[in-house]
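# predicted coordinates and the sequence they were generated for:
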Amino acid sequence: MKKRTIYSVLVICCVVGFWIFENFYTPATYSDEAIPAFRTDISRDFMPQSTTGDIVEHNYYTLSYNEPYEQAEWVAYTLKKEHLTSDQRKRPFFIEDPKVKTKSADWRNYRGSGYDRGHLCPAGDRRFSKQAYDETFYTSNISPQNRAFNSGIWNRLEIEVRNMARRYGEIFVVTAGVLEDGLEEIGEEDVDVPTYYYKILARRDSDGPKMLGFLFLGRESKRPLQEFAVPVDEIEKRTGIDFFENLPEELEKKLEAKNNVADWKF
C-alpha cells in the first residue's frame, strides 16, 4: 500500500512538472530587444503570406513557423552590401526559438539522423554583428538537409546571393523547404525532411521590382545554378504560399508568371 502511494505521488509530480514545463518554460535567447535601432527591416511589398499565422520577428530576419512540420515554412530577410563582412564569429550552440509559441524543435532531433542542420538564413550572411550571427542559430531557422546538398549546390547558391547583394546593393531573400504530406520524419518530435528546397530573390530596380525563384531537389548537383531557376508561380503552387501578396495584383501576376533569370547577372 505504501509503495502504491509513493508511486501515485511520483506520477502526480511528473504530470504537474510536465505541465509547468510546457506552460512556463522559456528557452534561452540570443536576441537583445534593448537594441531595436540595429534591426534589419523587410519592405512590406516583399513580405510573404503566412499560411499558419505564426509569424516570428527577430532583429535580423522574420519567419513563419509551421508546427506540424517542426520548422519554418519560410524565412525572410534583407541582405545588404554592407552586411557582407569577413568578421570571424564563434559558432554558438543551436537553441530553441523563444518567440515560437509552440516551441521550435530541439536540435537533438537531428542527432544521428544523417541530415545536416541546414541554415535557412545563413550564418555567413549575418557576420556583421554578434547578435545577428547568433540569431541564425535558433532551431526555427534550420531544416534537415542532405549533407552533400547543404555543402554543395545549396552553398553555391548562398555564395551567389552574396555576390548579387554586392552587385545590386540590396537583395530580399525568402527561403525554406517545401512542406508537404508524406515526408520522411526524424527525431522524437517528427521533424519533416523536405524533398525540395526553394529560394526566392527580389530587388528594386529603376524600371520596377525584379524577382527570381529557384527550386532544388535536396541532393547535390554540378549543374549551373541558372538551370534551377523557375517562375515564382511554380513555387507558390508547390507550397501554397502567396509570396508577394502586397504587390499590385497585375504586377505580381506579371513578375511571378515567368522565369526571370535574364534580369539577373551571374
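Sure thing, it's come through. Given the structure is predicted, the values throughout are model-derived calculations rather than measurements.
# so R203 makes contact with R167?
No - the pair R203 and R167 fails to qualify as a contact (C-beta atoms under 8 Å) at a distance of 9.7 Å. For every residue, glycine as well, the C-beta is placed using N, CA and C.
# what number of residues lie near the closest residue to L212 other than its chain neighbours?
With C-beta to C-beta, 6 or more residues apart in numbering as the criterion, L212 has its nearest non-adjacent residue at 4.7 Å, and that residue is L201. L201: 25 surrounding residues under other C-beta atoms under 10 Å.
# what of P248?
P248: 10 neighbours (other C-beta under 10 Å).
# where's it relative to R117, distance?
In this view, P248 and R117 are 39 Å apart by C-beta to C-beta, to the nearest Å.
# likewise for E189?
For E189 relative to R117 (C-beta to C-beta), the value is 14 Å.
# look at those two and report which has more neighbours.
Neighbours around E189 and R117, counted as other C-beta under 10 Å, are more numerous at R117. The numbers are 19 against 13.
# quick one: secondary structure of that one?
Here R117 takes the strand state, with states given by DSSP: H, G, I helix; E, B strand; the rest coil.
# got the contact list for it?
Shown in contact with R117 (C-beta atoms under 8 Å, 6 or more residues apart in numbering): F94, W107, Y110, T139, I142, P144, Q145.
# who wins for most neighbours among these?
P144 (27 neighbours).
# can you give the distance of the host helix or strand of that residue from its chain's centre?
Using DSSP states H and E, P144 falls within strand 142-146. Computed by C-alpha atoms, centre = their mean, to the nearest Å, the chain-centroid distance of strand 142-146 equals 10 Å.
# counting by contacts, list what it packs against.
Applying 3 or more C-beta pairs under 8 Å, 6 or more residues apart in numbering; DSSP states H and E, we find strand 142-146 packed against strand 71-80, strand 115-119, strand 191-193.
# go again with 10 Å.
On a contact count with 3 or more C-beta pairs under 10 Å, 6 or more residues apart in numbering; DSSP states H and E, strand 142-146 meets strand 71-80, strand 115-119, helix 147-151, strand 170-177, strand 184-186, strand 191-193, strand 196-203.
# that one vs strand 170-177, what angle?
70 degrees (axes from the mean of the first three to the mean of the last three C-alpha atoms, to 10 degrees).
# show the average pLDDT along strand 142-146.
For strand 142-146, mean pLDDT rounds to 98.
# put the alpha carbons of that strand into PDB.
Extracted in PDB, the C-alpha atoms of strand 142-146 (Å, rounded to 0.1, in the frame of the first residue of the first chain):
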ATOM      1  CA  ILE A 142      17.100  25.200 -39.700                       C
ATOM      2  CA  SER A 143      15.800  22.400 -41.700                       C
ATOM      3  CA  PRO A 144      17.100  18.800 -42.300                       C
ATOM      4  CA  GLN A 145      19.300  18.800 -45.400                       C
ATOM      5  CA  ASN A 146      21.300  16.100 -47.200                       C
END
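# quick one on the thing from earlier: what residues are shared contacts of R203 and R167?
Shared contacts of R203 and R167, defined by C-beta atoms under 10 Å, 6 or more residues apart in numbering, are found at W264.
# with neighbour numbers in mind, choose between these two.
Neighbour count, other C-beta under 10 Å: between R203 and R167, R203 has more, with 20 against 13.
# wait, isn't the more buried one in contact with L255?
No - R203 lies out of contact with L255 (C-beta atoms under 10 Å); the separation is 11.6 Å.
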